[in-house]
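A predicted structure for the sequence below; I have some questions about it.
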Amino acid sequence: MQAYIPEFILAGLAMLLLLAETFCKKTPKFIFGLIGAAGTLAMLPFYMEGLYDNIYIILALVATAVTLLLSVDFRAVINLSSNDSKSQDGTGEFYILPLLACVGITSLCKASNLVELFVSLEVLTLSSFIMVGYFRRNLGSTEAGIKYLILGAVSTGFLVFGLAWYFGITGTFIYNETIVSHALAAQTAPAMYLALAMLLLGTAFKIGAVPMQLWIPDVYQGAPTPVTAFLSVASKVAGFALLGIILAPFAVLPPVEFVVALMAAATLLVGNLGAIPQTNLKRMMGYSSIAQAGFILPLFIGTVDGQLAPNAPFYLAVYLVMTFGAFFALAMIRIQRGSEEISAFRGLGKTNPRLALAVTIMFASLAGVPLTAGFFAKMISFVHVINTGLYLGWMLPVMIVCAASGFYYYFKVIRSMYWDKPAENAEPVQVPAISGVMLAAFSIFIVLGGLMPLFLNSIR
């Protein structure tokens with residue numbers, strides 16, 4: 001129980017804020033977001049010892065804190081969409097739910113058996129359901145919530161089916177290489193592979209991988225912008241942490257490696273081809289999320305020095321920075337220009353040169369432009385595939401083509417900012433303090449991260 005002290009603290013903080021929402025009605029609700037962000041970051045010292053072993057937890061905590069800070073700057077839209085007025089009444093829960101979702105993610109990363117794994121995942125999923133449909137007076141948000149609920153229930157069904165098969169084969173919910181190896185060596189091997197297939201399908205929903213990616217574009221477009229950012233990053237962190245746990249006993253089995261490679265290639269193609277025609281930025285970011293998952297999945301093919309996907313957390317950290325930077329910019333445009341279309345960025349290079357520069361850095365990094373952290377992250381994925389030597393004949397060409405196609409749809413935003421003229425009477429976008437600080441910090445991280453390869457001897 002001592003290992004779960006941070007989770008108890010975060011859950012207790014969420015309950016205290018919920019009570020404050022009930023009894024302190026005149027308190028500005030955005031303060032809950034600031035308190036929640038501070039409380040989340042205060043949990044980081046618990047995980048500084050054994051940094052790499054706790055890296056997924058650290059990423060989840062940072063993603064939750066940044067989501068809450070984004071929600072504070074997005075509060076004008078939250079107020080308007082929650083109660084059909086500019087009042088803050090009934091909006092406090094919006095700043096509390098990410099804390100509960102974070103408890104689910106961190107508990108998942110510590111789970112010692114499949115039951116704990118499932119319960120933790122459901123804490124995250126149920127919190128996400130509510131957040132997606134939080135704008136109950138917005139038809140898009142309601143539709144997104146319903147779609148997420150239905151498809152989430154399907155993925156949960158696959159996961160439970162896999163858990164049941166595993167328990168039926170092994171007689172235990174403890175999940176480790178020894179138990180799995182004994183099951184694969186016996187006549188139960190086909191049943192064990194079926195259990196793995198069901199578990200992989202349930203996990204694919206969280207990471208947005210084919211064939212469980214259908215929910216992403218509609219849900220991302222309809223959900224509130226901070227929630228979309230949270231699903232893009234924190235939920236994906238949980239998904240890849242879960243994938244690492246599920247695949248660990250099967251890491252070097254050729255049939256499993258082939259399935260993961262096939263999922264990666266299909267995910268890359270669906271994500272990149274789907275993003276090309278999009279005009280709504282949130283919907284495009286949904287397909288981008290699928291495409292980025294396609295670049296992370298190859299890291300789970302084979303092992304490096306006996307470890308499964310040791311470089312995946314670095315890719316996720318870079319992805320966190322790039323994606324949140326893009327959503328901070330989108331939130332400002334949504335609030336002040338009333339649109340989430342790519343065309344709403346038109347002329348930003350003339351009206352807000354510094355903001356346009358930060359947005360350019362974010363999307364250039366997402367595309368993988370050299371000397372950005374995004375390029376370094378994608379290079380690690382390419383190098384891993386080359387070093388393993390598995391499926392090079394078709395895996396590598398797919399990755400190259402998809403990496404090149406990303407330049408087209410990411411640069412649509414940059415083209416709109418610098419090539420299109422501003423709308424008549426367009427006023428400069430006002431940059432809130434939190435958004436300005438976060439965009440500046442993210443831009444510096446991306447540039448410095450892009451220079452890292454110049455100072456490293458090798459990349460494995």
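Arrived safely.

Near A185, how many other residues are there?
By other Cβ atoms under 10 Å, 10 other residues sit near A185. Every residue, glycine included, has its C-beta placed from N, CA and C.

Could you check how far it is from W165?
Computed with Cβ to Cβ, to the nearest Å, the distance linking A185 and W165 is 17 Å.

V321 against A440, yeah?
No. The pair formed by V321 and A440 falls short of the contact definition of Cβ atoms under 8 Å, at 12.0 Å.

Looking at these two now, which is surrounded by more residues?
When V321 and A440 are compared on other Cβ under 10 Å, the one with more neighbours turns out to be V321, at 24 against 14.

next one: the helix or strand harbouring R334 to chain centre, how far?
Taking DSSP states H and E as the criterion, R334 maps to helix 312-337. In terms of Cα atoms, centre = their mean, to the nearest Å, the centre of helix 312-337 is found 10 Å from the chain centre.

Next one: I216, what pLDDT does it get?
I216 carries a pLDDT value of 94.

and the nearest residue to it once chain neighbours are set aside, backbone torsions?
Counting by Cβ to Cβ, 6 or more residues apart in numbering, the nearest residue to I216 once its immediate chain neighbours are dropped is G286, at 4.5 Å. Taking degrees, to the nearest 10, you get phi -60, psi -50 for the backbone angles of G286.

Show me where this structure dips below the pLDDT cut-off.
Scanning the chain for pLDDT under 70 picks out 1, 81-87, 89, 456-460.

mind listing what's buried in the lengthiest helix in it?
With DSSP state H setting the assignment, residue counts place helix 139-170 as the longest helix in the chain. Of the residues in helix 139-170, those with enough neighbours to count as buried (16 or more other Cβ atoms under 10 Å) are 140-149, 151-152, 155-156, 158-159, 161-163, 165-166, 169-170.

swap in stretch 102-120?
Applying 16+ other Cβ under 10 Å to stretch 102-120 flags 102-111, 114, 117-118, 120 as buried.

Find out how far that stretch is from the centre of the chain, if you would.
The chain centroid and the centroid of stretch 102-120 are separated by 17 Å under Cα atoms, centre = their mean.

Using CSV, list the CA coordinates for that stretch.
Listed in CSV are the C-alpha atoms of stretch 102-120, where the atom choice follows Å, rounded to 0.1, in the frame of the first residue of the first chain:
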residue,chain,number,x,y,z
CYS,A,102,-4.2,10.5,-13.7
VAL,A,103,-4.7,8.3,-10.7
GLY,A,104,-5.8,5.6,-13.1
ILE,A,105,-2.7,6.0,-15.2
THR,A,106,-0.2,5.9,-12.4
SER,A,107,-1.9,2.9,-10.8
LEU,A,108,-1.9,1.1,-14.1
CYS,A,109,1.9,1.6,-14.3
LYS,A,110,2.3,0.0,-10.9
ALA,A,111,-0.1,-2.9,-11.3
SER,A,112,1.2,-6.2,-10.2
ASN,A,113,-1.5,-8.4,-11.7
LEU,A,114,-4.2,-8.2,-14.5
VAL,A,115,-7.0,-7.3,-12.1
GLU,A,116,-5.2,-4.2,-10.9
LEU,A,117,-4.4,-3.4,-14.5
PHE,A,118,-8.0,-3.6,-15.6
VAL,A,119,-9.4,-1.6,-12.6
SER,A,120,-6.8,1.1,-13.1
